[in-house]
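*Asks:* One predicted model, sequence on top.
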Amino acid sequence: MYVVTLITTPQERRLDRALVDNLRNAWGGGDVVWLAIDEAAEFAIPTAPENQWQVWQDLQQGCVDLVVQPAAGRRKNMLLADMDSTMIRQECIDELAAEAGVGERVAAITARAMNGELDFEEALIERVGLLRDLPESIIEEVLDQRISYMPGGHELVSTMKAHGAYAALVSGGFTAFTSRVAAALGFDENRANTLLVADGKLSGAVARPILGKAAKVQALEEITARLGIAETDVLAVGDGANDLGMLTRAGTGVALHAKPVVQAACDIRINHGDLTALLYLQGYGRDAFVT
C-alpha cells in the first residue's frame, strides 16, 4: 500500500476538497483523511501511480505539494536536519559576509556551491577567508539580529521527540550557530564546522576536517549505529547539494525548498509547505502537533 499526501502553504490554506476527491477517485484511493483542514490531506492507494510526476507538476502550479510513499514505516525514529535555509531561513556565512562588506560576493559562491556547481570544501575555505579580521562578537550580533527560524521547526522537532524520536542537526555551517539553533529548537545534538578565532577576531580559517557532504553521511551512519536503529528509520531534510548523500541514504529524504539539483535527485519535494509538512508526511494531524 502507498499513501498519497497533498500539502499546500499554511499561510493560505487553500487545498481544494474537490481536487483531493478527484485525485483520490482517479487513483482508486481509499477514504480521504484531512490532517489539517484546507491545508493537508492524505489517502491510501494500492499501487504507485504511473503519472505521479505529471500530476505533481500540474499541482505545483496551484501551490500544492504531492508526495507518494509506501505506507509501511513512514513514521520515523530519527530526524537528521540541515540548518542553513532549512531549519533557519538564512545562510549564516552570507549573513556574516554582509557584515564584512563582501555579502554579494560570498552569496554568489554559496548559491553555486549549494547547487553543486563548486566543490563544497574549496568554496567554504574561500568564503571563510573573506571573513578575516571580523570581530568574534559579530557572530552574536548576527544570531540576534539577522537569523530567523523556518516556520514549523519547533513543531517538527517537538512532535517527533514526543513520540520517541532522536533529533540531530548537521550543518556545513558553523558550531557557533548550530549550538544556538539546536538548543532553541530542542535538537539532541549538533555537528558543524568550527570558525577559528585569534585575538578576538575571525582568523579567516576553519578547523579541519571540514564537515561537508561525506560528513553528513557519516553522521547518519554513526548516530543510527549508536541508537541501534536502521537508516530506513531516519527522516532527513535539506536543501543543498552537500545534503544529497544523507537525503538519498535516509529512509525518507526530503528536499525542502531545495536547489534544482537536489530536487532532481529526491522523490519527496516540499516547495510550498513549511517544516510541518514533514509531520504530515508521517501521518501526524495538526491536532497532534506539540508546540
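*Replies:* Nice, I can see it.

*Asks:* care to break the protein down by domain?
*Replies:* With automatic domain parsing as the criterion, the domains of the chain are listed as 1-72, 75-291.

*Asks:* Burial-wise, tell me which of the ones you listed comes out on top.
*Replies:* A comparison of the domains of the chain by mean neighbour count, using mean count of other CB atoms under 10 Å, puts domain 75-291 on top with a mean of 19. (C-beta placed from N, C-alpha, C; glycine too.)

*Asks:* Which residue, other than its chain neighbours, is closest to residue 131?
*Replies:* residue 202 (5.0 Å; CB to CB, 6 or more residues apart in numbering).

*Asks:* what pairs with that neighbour across the strands?
*Replies:* Under DSSP bridges, the beta-bridge partners of residue 202 are residue 197.

*Asks:* With residue 6 as the reference, measure out to residue 62.
*Replies:* 10 Å (CB to CB, to the nearest Å).

*Asks:* what's residue 165 in contact with, if anything?
*Replies:* Contacts for residue 165 (CB atoms under 8 Å, 6 or more residues apart in numbering) come out as 76, 77, 78, 79.

*Asks:* what secondary structure does residue 161 sit in?
*Replies:* helix (DSSP: H, G, I helix; E, B strand; the rest coil).

*Asks:* Is it correct that residue 81 is in contact with residue 243?
*Replies:* No: counting by CB atoms under 8 Å, residue 81 stays clear of residue 243, with 9.4 Å between them.

*Asks:* and for the two, which residues touch both?
*Replies:* With CB under 8 Å, 6+ apart, residue 81 and residue 243 have common neighbours residue 236.

*Asks:* quick one: the strands in the stretch 101-250 of the chain?
*Replies:* 166-174, 189-193, 195-198, 201-206, 234-238 (DSSP state E, counting those that start in this stretch).

*Asks:* Give me the longest helix you can find in this protein.
*Replies:* helix 213-227 (DSSP state H).

*Asks:* name the helices or strands packed onto that helix?
*Replies:* Secondary-structure packing of helix 213-227 (3 or more CB pairs under 8 Å, 6 or more residues apart in numbering; DSSP states H and E): strand 78-81, strand 166-174, strand 189-193, strand 234-238, helix 244-249.

*Asks:* Can you say which of these is nearest to residue 37?
*Replies:* With CB to CB as the criterion, residue 37 lies closest to strand 234-238 of these, at 24.3 Å.

*Asks:* in the stretch 1-150 of the chain, which spans are helices?
*Replies:* Using DSSP state H, counting those that start in this stretch, the helices of the stretch 1-150 of the chain run over residues 17-26, 52-60, 92-100, 103-114, 120-129, 138-145.

*Asks:* Output the contacting helices and strands for the longest one.
*Replies:* Secondary-structure packing of helix 103-114 (3+ CB pairs under 8 Å, 6+ apart): helix 92-100, helix 120-129.

*Asks:* hmm, who's touching the first one?
*Replies:* By CB under 8 Å, 6+ apart, the surrounding residues in contact with helix 92-100 are 83-84, 103, 105-107, 110, 124, 127-128, 130-131, 134, 138-139, 141-142, 146-147, 173-174, 177.

*Asks:* Recalculate using a threshold of 7 Å.
*Replies:* With CB atoms under 7 Å, 6 or more residues apart in numbering as the test, helix 92-100 has contacts from 84, 103, 106-107, 110, 127, 130-131, 134, 138, 142, 146-147, 173-174, 177.

*Asks:* same deal with stretch 5-21?
*Replies:* Stretch 5-21 is contacted by residues 32, 38-42, 63-67, 272-274, 276-277, 280-281 when judged by CB under 7 Å, 6+ apart.

*Asks:* Ok, stretch 137-146 next?
*Replies:* Contact with stretch 137-146 is made by 90, 95, 96, 99, 176, 177, 180, as judged by CB under 7 Å, 6+ apart.

*Asks:* farthest pair in the residues you listed?
*Replies:* Maximum pairwise distance in these, criterion CB to CB, is 16.7 Å, between 99 and 180.

*Asks:* So, low pLDDT: which residues of the stretch 101-250 of the chain?
*Replies:* Across the stretch 101-250 of the chain, nothing is flagged by pLDDT under 70.

*Asks:* how about the closest residue to residue 230 other than its chain neighbours, what does it touch?
*Replies:* Nearest residue to residue 230, sequence neighbours excluded (CB to CB, 6+ apart): residue 224, at 6.6 Å. Applying CB under 7 Å, 6+ apart to residue 224 gives the contacts 78, 230, 231, 234.

*Asks:* Can you lay out these as CSV showing distance to residue 214?
*Replies:* Output for those, formatted as CSV (distance: CB to CB, whole Å):
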residue, distance to residue 214
78, 19
230, 20
231, 15
234, 17
